[in-house]
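Q: predicted coordinates and the sequence they were generated for:
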Amino acid sequence: MLSDSRLLDRATALNRALFTEDEDLLSEANERQQSGRDFAGLIYVHQQRMIVGKCIDDLELIARVYDPGDIRNVVEYLPLR
C-alpha cells in the first residue's frame, strides 16, 4: 500500500486527480498547497455527508467540465453547490 504522499505523487505522474474520503489524504493535499508542492488535484467528500448518487453525478460533472490543468493543485469538495 502506498503512503498518501506517494499516492499523490503517482497520480500527479499520471496527470490524474484523486477522489477520496480519506481525511489524511486531504491533509497531505492541503500541506502541499501551503508549501507550493505540485499535485494533480484532489476531490474530497466526507463519508457520511453525501448520497452516493449525488456523488457520482458531481464526479461526472467534474470529469466533463474540468481539464486536468483546471484541478491541478486544487482540492475540490463535494457536494458541489
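A: In hand now; what should we look at?
Q: residue nearest the centroid of the chain?
A: Computing the C-alpha centroid of the chain and ranking residues by Cα atoms, centre = their mean puts L42 first, at 1.4 Å.
Q: just the pLDDT for the residue nearest to that one when sequence neighbours are not counted.
A: In space, and not counting its chain neighbours, L42 is closest to A29: 4.3 Å by Cβ to Cβ, 6 or more residues apart in numbering. Every residue, glycine included, has its C-beta placed from N, CA and C. For A29, the pLDDT comes out at 97.
Q: in a helix, A29, correct?
A: Yes - with DSSP: H, G, I helix; E, B strand; the rest coil as the criterion, A29 is located in a helix.
Q: can you tell me how far it sits from N15?
A: In this view, A29 and N15 are 16 Å apart by Cβ to Cβ, to the nearest Å.
Q: more neighbours: these two, which one.
A: More neighbours surround A29 than the other of A29 and N15, with 23 against 11 (other Cβ atoms under 10 Å).
Q: ok, back up a step: what's near enough to touch the residue nearest to the centre of the chain?
A: By Cβ atoms under 8 Å, 6 or more residues apart in numbering, the contact set of L42 is L8, A17, L18, F19, T20, L25, L26, A29, V74, V75, E76.
Q: what are the ranges of the strands in this protein?
A: Remark: strands assigned in the chain by DSSP state E are 18-20, 42-45, 75-78.
Q: out of the ones you listed, deepest packed?
A: Among these, strand 42-45 has the highest mean neighbour count (mean count of other Cβ atoms under 10 Å), at a mean of 21.
Q: gap between that strand and the chain center?
A: Relative to the centre of its chain, strand 42-45 is centred 4 Å away, using Cα atoms, centre = their mean, to the nearest Å.
Q: pretty sure Q33 is in contact with S27, am I right?
A: No - look at Q33 against S27 with Cβ atoms under 8 Å: they stay out of range, at 10.7 Å.
Q: the two - which one has more neighbours?
A: Using other Cβ under 10 Å, the more surrounded residue of Q33 and S27 is Q33, with 14 against 11.
Q: not counting its neighbours along the chain, what's nearest that one?
A: N73 is the one closest to Q33 (Cβ to Cβ, 6+ apart), at 6.4 Å.
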